[in-house]
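Q: Take a look and give me a structure for this.
(one chain, ligands or ions: 1)
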Amino acid sequence: MLFFIGLDPLAFRPSLLALSETQTRSHCRNRERRIAITVAINLALINPSTLFHPKSPNPSKLRAFTLRCSSATSTAVTDLAEIPWKTSDARLVLEDGSIWRAKSFGASGTQVGEVVFNTSLTGYQEILTDPSYAGQFVLMTNPHIGNTGVNFDDQESRQCFLAGLVVRSLSINTSNWRCAETLGDYLAERNIMGIYDVDTRAITRRLRQDGSLIGVLSTERTKTDEELLEMSRSWDIVGVDLISGVSCKAPHDWVDKTNPEWEFNSSKRGGEAFRVIAYDFGIKHNILKRLASYGCKITVVPSTWPASETLKMKPDGVLFSNGSGDPSAVPYAVETVKEIIGRVPAFGICMGHQLLGLALGGKTFKMKFGHHGGNHPLRNLRSGHVEISAQNHNYAVDSSSLPEDVEVTHVNLNDGSCAGLAYPAQNIMSIQYHPEASPGPHDSDYAFKEFIQLMKKVKVNS
Ligand SMILES: NC(=O)CC[C@H](N)C(=O)O
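A: The predicted structure follows:
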C-alpha cells in the first residue's frame, strides 16, 4: 500500500491518499488509463519527500513508477470523465424551497421529477434501467458511484426511464474489465441528467423526515430559483399513468440471451415447459430471465393487451410485472387483472402485486418515502423465515382493506407494511418486492419456483 499526500481529484484539495501499488501497476498494464492519470496527477504535484512507503521508502522507485504512469497516459488526459476542478453548474430545487448546488454530468437542461433515495451499494446500472423509476430522480446513498463504468449486458430494459441521478461522488476512474463506457457518457447519450458533489446525506435525511419531494434539476443559468421552485410545485406524480410510457408496444416472445456464465442458479433450465404471458408494466429483464431459467416460455404483452386475447392464448400462467407510478391511476390494468384471475394461475411482482391487491377489492396508498434498496428485511409468514430483499416501490397495498379470505403472506419488517399476498382459491400469489433482485440479494428467488408449482398443480388437475 502506498500512502502519500496528494491532490484529491474529486475535492481538488490536498489529502492523504492510499493506493495499492500492485493494483495500480496492474491497472496501468491493463490499459486502465484513468486511474493512472489520477496517480500521475497526484504524484506529479507532490514533493517525493512527502511520500511514505511503509515497507521500503524509496523515492527513486516511486519517481520511476510515476514516469511510467505518465507516459502510459500522456495522450489520455482529455479522456477524464469530469475535470475535478469543475465548479457547481447545476441546481436541484426541491418543492420545500431548498436549493442544492451541484456539479452536472450526463445530459444538461431542466428536468422535473420525484426525488427518492436508494440504499443499494452496487447495481447502479440496473437501477438506471429499471422502468419502475420513470419520473423519479434516484439519489444513491452509497457515496461513490461510477467506478465500474457501464456495460451493455446488465441493462434491465431497453433504455433509462428515470428522470435523473443524484450522487455524492462521481468516480473519475472506471475500473472493470466489462466496462464499455463511463457512466457520464452513458447518461449523456441517453439524455439523462446527473449531478454530483451534493450532500446526499442531508437530502436523504430531509426525505426521511418530510417524505418524498418533487424536485427540479437544472443546468440552465437563465432559469431563476423562483421559476424552478414554481415548476416543482406545479408538477405531481400521484394519479398519473406512467406504465403506458414504459410498456412495450406489441406482443413478442422473450428470447433469453443470457450468457449462462452470468446466470444465477441455471441448473433448472431445460425442465418442464410452462407457457407464461407476462404483462409489461415496465418489466425488468431479470424477471424474464429467471422465469426462462425455471423452464417458462414467455410472451411479453403490452399493458393494454386485452384479457380476452390473453385467455385465447391458453397460457399456463400470467405474470403481472413490476412497473412505474401510481397503481390507482391505471384502472384499465386493474380491469384486465380482474378478467384474468380465477381463470389462470397469476403471479404479481411489485406493481403487479399492487394491481392484484386492487383487483381483489383492496386499496393502495402512497408511502412516506417508499422502499428503494437491496437490504429490506421481510418475514414470510407461512414459513416464519426472514429474507433480505430488493425493493423499489412508493405505493403499498393496505392490508386492512383486503377481503378476509385474501392471505397476507409476507410483511416488511421495517414498517410492517404488506409485502406479499395469496388467494389460494384463485391460484394467485404476489409479492411487493423483487425476487429477481438485480441488484440485490437472491433470498426470494424461490418465489419463481412457487409460481411454477402453482402452474403445475393446475395443469395436472385440469
Ligand atoms: N417496482 C415497482 O413495480 C414499483 C411499483 C410502483 N410503481 C410503486 O412505486 O410503488
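Q: from here on, contacts and neighbour counts on C-alpha atoms
A: Noted.
Q: For stretch 348-368, could you pull out the residues that count as buried?
A: 348-360, 362-364, 366 (16 or more other C-alpha atoms under 10 Å).
Q: Kindly export it (C-alpha atoms) in CSV.
A: The C-alpha coordinates for stretch 348-368 follow below in CSV (Å, rounded to 0.1, in the frame of the first residue of the first chain):
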residue,chain,number,x,y,z
GLY,A,348,-47.7,-10.3,-9.4
ILE,A,349,-44.5,-8.6,-8.7
CYS,A,350,-44.4,-5.1,-7.2
MET,A,351,-46.8,-3.1,-9.4
GLY,A,352,-48.3,-6.4,-10.4
HIS,A,353,-48.8,-7.2,-6.7
GLN,A,354,-50.5,-3.8,-6.2
LEU,A,355,-52.8,-4.3,-9.2
LEU,A,356,-53.8,-7.7,-7.8
GLY,A,357,-54.5,-6.1,-4.5
LEU,A,358,-56.8,-3.6,-6.1
ALA,A,359,-58.4,-6.3,-8.3
LEU,A,360,-59.2,-8.4,-5.2
GLY,A,361,-61.0,-5.4,-3.6
GLY,A,362,-58.2,-3.8,-1.6
LYS,A,363,-56.8,-0.3,-1.6
THR,A,364,-53.3,1.1,-2.2
PHE,A,365,-51.7,4.2,-0.6
LYS,A,366,-48.6,6.3,-1.2
MET,A,367,-45.9,5.6,1.4
LYS,A,368,-43.9,8.4,3.1
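Q: That one - what's its average pLDDT?
A: What stretch 348-368 shows for mean pLDDT is 98.
Q: what does that stretch rub up against?
A: Under the contact criterion C-alpha atoms under 8 Å, 6 or more residues apart in numbering, stretch 348-368 has outside partners 208, 210-212, 281, 319-324, 327-328, 333-335, 337-338, 347, 392-399, 401-403, 406, 420-421, 429-434.
Q: if we go to 6 Å?
A: 211, 319-323, 334, 338, 394-398, 401-402, 430-433 (C-alpha atoms under 6 Å, 6 or more residues apart in numbering).
Q: out of those, who's near the ligand?
A: The subset of these within reach of the ligand, by C-alpha under 6 Å from any ligand atom, is 322-323, 394-395.
Q: so can I have CSV of those residues showing secondary structure?
A: Below are these laid out as CSV (DSSP: H, G, I helix; E, B strand; the rest coil):
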residue, secondary structure
322, strand
323, strand
394, strand
395, strand
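Q: Same list, those, but as a markdown table with neighbour count and pLDDT please.
A: Shown next, in a markdown table, are those (neighbours: other C-alpha atoms under 10 Å; pLDDT from 0 to 100):
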| residue | neighbour count | pLDDT |
| --- | --- | --- |
| 322 | 30 | 98 |
| 323 | 31 | 98 |
| 394 | 18 | 98 |
| 395 | 23 | 98 |
